[in-house]
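S.K.: no FASTA, just this:
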Ligand SMILES: Nc1ncnc2c1ncn2[C@@H]1O[C@H](COP(=O)(O)OP(=O)(O)OP(=O)(O)O)[C@@H](O)[C@H]1O
């Protein structure tokens, strides 16, 4: 664990970049530092690998002050990724990634083999190995930056706005890739961003800093969204806080209706038996949704699929959140979302109203859990 203990950084010109900051960065998780420009995020990150020394306070790594080991040893245990990747322009991609192992004395062949393995891990085509950085897109360069930081297999990764310079689609890909890599490798990651959505998506824990380098709130993303500590955090979280919070509620407990599902070759009797529902979801021979129809518009045995209303984007209960389910229902012309299994076969339908009930239930469960946690904390203090 990295413990930032009441750290202050005052630059020689008197600027207080970080002011009595205390944080416990958990192992094998992503901790995000987020906040407006100039709030001290980069300064904090650089104090962790001693590129900047604190004026007051200290930083402990697994209980030991980081000043007690040689700075090179410390940095070897911490990969560092920056915006625009900071690659060596005159080295090939493979040799960029192999840099740190080579510095540590790994034979060239072995270091390159490791680099090739890392290229695959970060989703880079092996064909790019012999290219130079200028021959890669911004997104590909960022992936090289991540691979290079991982090359010596450090337990800690420090990432300073690594995905800020690429467009939103590439950025989403890089974020998904980081989450996937993190699932496999379980590094202790400290990630700096000024983008609150990125913080919420990536962070196990999120530290919101305010200008002057003071901590405004340190909490898991779901808690930030449900209980911002003050008006600054609330404002920084921005609009749609309620909707975004639904991403943290699972859809698994939604009560699905199966009655309104009919196969495209259903006979008149089957259709009649289900005609109480305002809309029926028609499925193909494998049970995959084709679209919606009012019951009296269906022709037994031979549905005209061209006449069906679009079923929209289905959700997978157990995998997707209430936000995805609600989105499906809101976008559906029938106000109903379609639930499918992992193979895309329809397993039920659910109306906006039922999703609304589930949202209220989830909110009151979350509030109950927060109250219980608060009571336990109060008990612990006594
Ligand atoms: N070497 C320095 N000398 C003096 N002041 C500095 C120095 N480096 C940073 N600062 C100041 O310290 C404050 C915090 O800077 P820092 O770069 O840590 O913020 P940040 O939150 O990472 O900002 P951004 O999101 O814009 O990158 C700012 O006011 C900045 O101007």
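M.R.: Arrived safely, thanks for sending. Everything numeric in this text was worked out from a predicted model, so none of it was measured.

S.K.: drop to CA atoms for contacts and neighbour counts, all remaining ones
M.R.: Noted.

S.K.: show me what residue of the stretch 101-250 of the chain gets nearest to the ligand.
M.R.: Residue of the stretch 101-250 of the chain nearest the ligand, by C-alpha to the nearest ligand atom: residue 194 (5.8 Å).

S.K.: that residue is in contact with residue 34, isn't it?
M.R.: Yes - contact criterion C-alpha atoms under 8 Å: residue 194 and residue 34 qualify, at 5.2 Å.

S.K.: of these two, who's got more company?
M.R.: residue 34 (27 against 20; other C-alpha atoms under 10 Å).

S.K.: residue contacts, that one?
M.R.: Residue 34 makes contact with 41, 192, 193, 194, 195, 196, 199, 206, 207, 208, 209, according to C-alpha atoms under 8 Å, 6 or more residues apart in numbering.

S.K.: just checking, what packs against the helix or strand harbouring residue 169?
M.R.: Residue 169 belongs to helix 168-185 when elements are defined using DSSP states H and E. Contacts defined by 3 or more C-alpha pairs under 8 Å, 6 or more residues apart in numbering; DSSP states H and E place helix 168-185 against helix 138-150, helix 196-202.

S.K.: and the helices in the stretch 151-300 of the chain, which stretches?
M.R.: Applying DSSP state H, counting those that start in this stretch to the stretch 151-300 of the chain gives helices spanning 168-185, 196-202, 221-226, 231-237, 241-245, 268-273.

S.K.: still on that earlier bit, contacting residues for the residue of the stretch 101-250 of the chain closest to the ligand?
M.R.: Contact analysis of residue 194 by C-alpha under 8 Å, 6+ apart lists 34, 35, 36, 37, 161.

S.K.: for the residues you listed, which one is nearest residue 327?
M.R.: Nearest to residue 327 among the contacts of residue 194 is residue 34, at 27.4 Å by C-alpha to C-alpha.

S.K.: interface residues of the stretch 1-150 of the chain facing the ligand?
M.R.: Residues of the stretch 1-150 of the chain that fall close to the ligand, judged by C-alpha under 6 Å from any ligand atom: 11, 13, 15, 17, 37, 38, 39, 40, 41, 42, 43.

S.K.: quick check: the fourth one is in a helix.
M.R.: It stands for residue 17. No - counting by DSSP: H, G, I helix; E, B strand; the rest coil, residue 17 is not part of a helix but strand.

S.K.: number of residues surrounding it?
M.R.: 20.

S.K.: tell me which of the contacts of residue 194 is nearest to residue 253?
M.R.: Residue 253 lies nearest to residue 34 out of the contacts of residue 194, by C-alpha to C-alpha, at 32.8 Å.

S.K.: what's opposite that closest one in the beta bridge?
M.R.: When bridges are called by DSSP bridges, residue 34 pairs up with residue 193, residue 208.

S.K.: same question for residue 79.
M.R.: Beta-bridge partners, per DSSP bridges, of residue 79: residue 157.
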